[in-house]
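Participant: Structure, please.
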Amino acid sequence: MTTTDQEGFSAAEKAAMKERAAEVRAPTKRMTKAEKAAQARQDVEVKIASYSGSDKEISQRLHHIITTTAPQLEPRTWYGMPAYALDGQILCFIQDAEKFGARYLTLGFNDAAQLDEGSMWPTAYAITSLDERLEAQVAALVGKAVGN
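Facilitator: Have a look, this model is predicted:
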């Protein structure tokens, strides 16, 4: 993510803001709660399907881990990223490497996540591959984040 005082927001940041504005303006007034949830889940799956390479595979696996570990989380897009909300607040999100030109995909947690551990704890994790051991760690982390 690169910005300067002279340049303002980067193109990637501007694109993320536009995606968030479109998410907020999405026409859902005439949809039932179940229809809104189904549409939001589909939006997340479409976003993940648009990723390329290992980001796509890792995101699909993360989506499965998150939704099975914490079925109370509501999948939705947030600034154009797959995200998972608890009681209306975004708890965690998946940011693909291309989003802001990073070297790796990130699984991030917002302050709603119950990850507090002393005076300092990580809130974002770079993920370059997943094996069974790491999948179990992600599941444990998501469980802790929702208070299980």
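
Participant: ok, now which ones touch Arg41?
Facilitator: 75-76 (Cβ atoms under 8 Å, 6 or more residues apart in numbering). C-betas here are computed from N, CA, C, even on glycine.

Participant: what's in contact with the strand or helix carrying Arg76?
Facilitator: Applying DSSP states H and E as the criterion places Arg76 in strand 74-78. Contact partners of strand 74-78, identified using Cβ under 8 Å, 6+ apart, comprise 19-20, 23, 37, 40-41, 43-44, 47, 63, 66-67, 82-86, 90, 93.

Participant: Can you list the buried residues in that strand?
Facilitator: 74-78 (16 or more other Cβ atoms under 10 Å).

Participant: mind saving the C-alpha coords of it as CSV?
Facilitator: Output in CSV follows, covering the C-alpha atoms of strand 74-78 (Å, rounded to 0.1, in the frame of the first residue of the first chain):
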residue,chain,number,x,y,z
GLU,A,74,-22.2,-14.2,8.4
PRO,A,75,-20.1,-14.2,5.2
ARG,A,76,-20.2,-10.9,3.3
THR,A,77,-17.8,-8.8,1.3
TRP,A,78,-16.1,-5.9,3.0
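
Participant: Name the strands paired with that strand and say parallel or antiparallel.
Facilitator: Strand 74-78 sits in its sheet next to strand 81-86 (antiparallel), going by DSSP bridges.

Participant: What's the mean pLDDT across the strand it pairs with?
Facilitator: If you average the pLDDT over strand 81-86, you get 97.

Participant: who touches that strand?
Facilitator: 44, 47-48, 59, 63, 66-67, 70, 72-78, 90-96, 99, 112, 146.

Participant: How far off centre is it?
Facilitator: Here strand 81-86 is found 5 Å from its chain centre; the criterion is Cα atoms, centre = their mean, to the nearest Å.
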